[in-house]
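A.B. asks: With the sequence up front, the predicted model follows.
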Amino acid sequence: MDFKEYFQELKKRKVFKAAIAYLVVAWVIIEVSSAIFPVFNIPPFILQILIVFLALGFIVNLIFSWVYDVTPEGLKKTIDIKETESPSRIKNRRLNRVIIASLSLAVVLLLYNQFGRSQSGLSQSVDSDGSTDALTASIAVLPFKNWSGDPGLEYVSDGMADEIATKLERAENMERVVPFAEMLQYKQSQIKLKELTDSLQVQFILDGSVQIAGEEIRVKVQLLDGYSNRYVWSEEFTGIWDSKDVFEIQSNVTNNVLERIHKDIRGDIESDQDYVLTESMEAYRYFLKGLHQLRTQSEENVNKGIANFQKAVELDPNFIEAWYNLGMNWMFSGLYWGINPERLAWENTKTAWEKVIELAEGESDYEEVKVIVENALLWNYLFYDWDFDRIEKVYGEEFVDPVGFRSVYELYTGRYEESLETNEEGILRASENGIMSSRGIPLKAASLFFLGREAEAEDLLTEYIEILWDSPAFLTEAAKWYYYLGNYDQSRKALNRLKSAFGDNSPLILFLSAVHAYEENMQDELKESLVELESKYRSQKSGSPAWHLALYYSHAGEYESCMEWLQKSFEKHETEMVWLRSEPLLAPIRNDPRYLNMYKEVGFPVPPLAVPEDLPQSIN
């Protein structure tokens, strides 16, 4: 058979029409799938598999069209149809219908893609260049989804979103960017994006996904306008993973977002978008891993985070962001988490942050960086060195307080009215930014407690405990202050949640477990908690285990044992000794000469409290 005869045979058997019909239907399936898969959080590799199957199906369709025909008697092999008969018109009519219907649907999809997505139709419009007449330049960046099929690459998707949020924060004309750390609570949330914009009080939400396959990284992002509840922009960026393409993608996403939020903003930060964190992509990988681990508070991940930041600065000694986060990780590992020895943590914190100041010298933002780091160090001098004098010298001034320690310092030194005011201001600022202050709320309750307003303190905790049920920071403080308020049931409820959901085994949690076990006559739990606290003390863990043993024995009325462990806490220079003045459980021993001697040595700037007058009624 020559080519002309072969071509005629293909036409006779309707192979061309079958191919066209199949391609049109396949295209429609792919378009519809591309639109609805992200709605249901279906990973992109499912769409890739679908495309492969459709491609294989195309070959099968061609073979089927050549071999079979639809006749009035049913499906027959074309070769069995007599040469005097033409292949059935049934097949021809059906193919025509499929082609017409599919093409009609395809036209609808093309029109929607061209016009439907680009018009808001409500309170604002999209310019020809894609810019929106933004009512407010405010945005929240959701943690990007990891669609690489490897949970071990979660740090990449989180890191990509975090860096884009940071770049957006640098835009001078951006009214508000919700801190990325606050957005992590929505990582697994099924909340609708429109509800999220209302809750966070922002106009825009940026969400996306990251997929790494071999050497390629693929980042897909979409920008939702919460006022119109429509996506005003979406795009996919690709590059070489483990190269500076990653930084270019971050800058491209940021610039595109800013262009669409407000076309005048981009020029204000364009120079910032060229800033590269490090020249070493290997160092950047370790940095992202460290950030990911810093967001959790388990002993294993904190130490892994320290190791990754350390590796990053070894690979690039000028990596200033890695040095800063290395110091932050060391600081917290030696304070509340009870992970590393306190003096070791303090020395490494100082080393890392002093390096940050050194590296920032000569940079345009040197003074800003210097102020932030020096103020962060200021609080560490208080916790680790009990250096109250440093704080007192600047207490009346306006100074940067990135972690919110000021209100706690006011509690340490008996400035309870000031602490209440500081907390209320902090909670208000957080609320204006669409953030619920998970630490500020229970610290406000603490201020109310010390002011003798116990009922208000308890009502405040109860108002938020269900809302902040997934916040370990809130639950830790709530469990503690419910205990001091005498509401043991609520304290135990928060404590159990911390232990079961977050695996918290810090000295504070062990202390609370011990006092509840004592009250409930749970001897096994009591013994286990005390043994673990003593073990942490012997192994020089941070989190002030000796201090918490002293508090337990005071609760149990064993004041001599309380004093013995308090002396050990003093000798170990534990950080919780800064609570020596205000700690309610130590009220019965405030007249003891040993207590007064320790009080003097710690260096409080105010006189000690007396015993009876300042003992809250709920501790009687």
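C.D. replies: Thanks, I have it.
A.B. asks: What's the first helix or strand after the lowest-mean-pLDDT helix or strand in the chain?
C.D. replies: Among the helical and strand segments of the chain, the one scoring lowest on mean pLDDT, DSSP states H and E is helix 266-269, with a mean of 45. Next in sequence after helix 266-269, counting helices and strands by DSSP states H and E, comes helix 281-294.
A.B. asks: List the buried residues of that next one.
C.D. replies: For helix 281-294, the buried set under the neighbour-count rule, 16 or more other C-beta atoms under 10 Å, comprises 281, 283-294. From N, CA and C alone the C-beta is placed, and that goes for glycine too.
A.B. asks: For Asn487, which non-adjacent residue is closest in space?
C.D. replies: Excluding its sequence neighbours, the residue lying closest to Asn487 (C-beta to C-beta, 6 or more residues apart in numbering) is Glu458, at 6.1 Å.
A.B. asks: before we move on, what about Ser209?
C.D. replies: The spatially closest residue to Ser209, leaving aside those adjacent along the chain, is Lys145, at 4.2 Å (C-beta to C-beta, 6+ apart).
A.B. asks: Verify the stated contact: Thr166 with Met174.
C.D. replies: No. Assessed by C-beta atoms under 8 Å, Thr166 is found out of contact with Met174, at 11.7 Å.
A.B. asks: Could you point out which of the buried residues of helix 281-294 is nearest to Ile240?
C.D. replies: Ile240 lies nearest to Met281 out of these, by C-beta to C-beta, at 9.7 Å.
A.B. asks: number of nearby residues for Lys194?
C.D. replies: Counted with other C-beta atoms under 10 Å, residues neighbouring Lys194 total 16.
A.B. asks: can you tell me which residues contact it?
C.D. replies: By C-beta atoms under 8 Å, 6 or more residues apart in numbering, the contact set of Lys194 is 224, 226, 229.
A.B. asks: I figured the second one hits Asp198, correct?
C.D. replies: Yes. Gly226 sits in contact with Asp198 when judged by C-beta under 8 Å, with a separation of 6.8 Å.
A.B. asks: Using the three-state scheme, assign the nearest residue to Leu142 once chain neighbours are set aside.
C.D. replies: Take Leu142 and drop its neighbours on the chain: the residue closest to it by C-beta to C-beta, 6+ apart is Asp207, 4.3 Å away. Look at Asp207: counting by DSSP: H, G, I helix; E, B strand; the rest coil, its state is strand.
A.B. asks: Now do Asp207 against Ser251, distance only.
C.D. replies: Distance, Asp207 to Ser251, by C-beta to C-beta, to the nearest Å: 19 Å.
A.B. asks: More neighbours: which of these two?
C.D. replies: Neighbour count, other C-beta under 10 Å: between Asp207 and Ser251, Asp207 has more, with 22 against 19.
A.B. asks: give me the beta-bridge partners of that one?
C.D. replies: Following DSSP bridges, Asp207 is listed with bridge partners Gln222.
A.B. asks: wait, doesn't it sit right on Leu193?
C.D. replies: Yes. The criterion here is C-beta under 8 Å, and Asp207 meets it with Leu193 at 7.0 Å.
A.B. asks: Common neighbours of these two, please.
C.D. replies: Common neighbours of Asp207 and Leu193 (C-beta under 8 Å, 6+ apart) are Leu224.
A.B. asks: Next, count neighbours for the nearest residue to Ile205 once chain neighbours are set aside.
C.D. replies: Nearest residue to Ile205, sequence neighbours excluded (C-beta to C-beta, 6+ apart): Leu224, at 4.5 Å. Close neighbours of Leu224, defined as other C-beta under 10 Å, add up to 24.
A.B. asks: Pretty sure Asp207 is one of the things Leu224 touches, is it not?
C.D. replies: Yes. Contact criterion C-beta under 8 Å: Leu224 and Asp207 qualify, at 7.2 Å.
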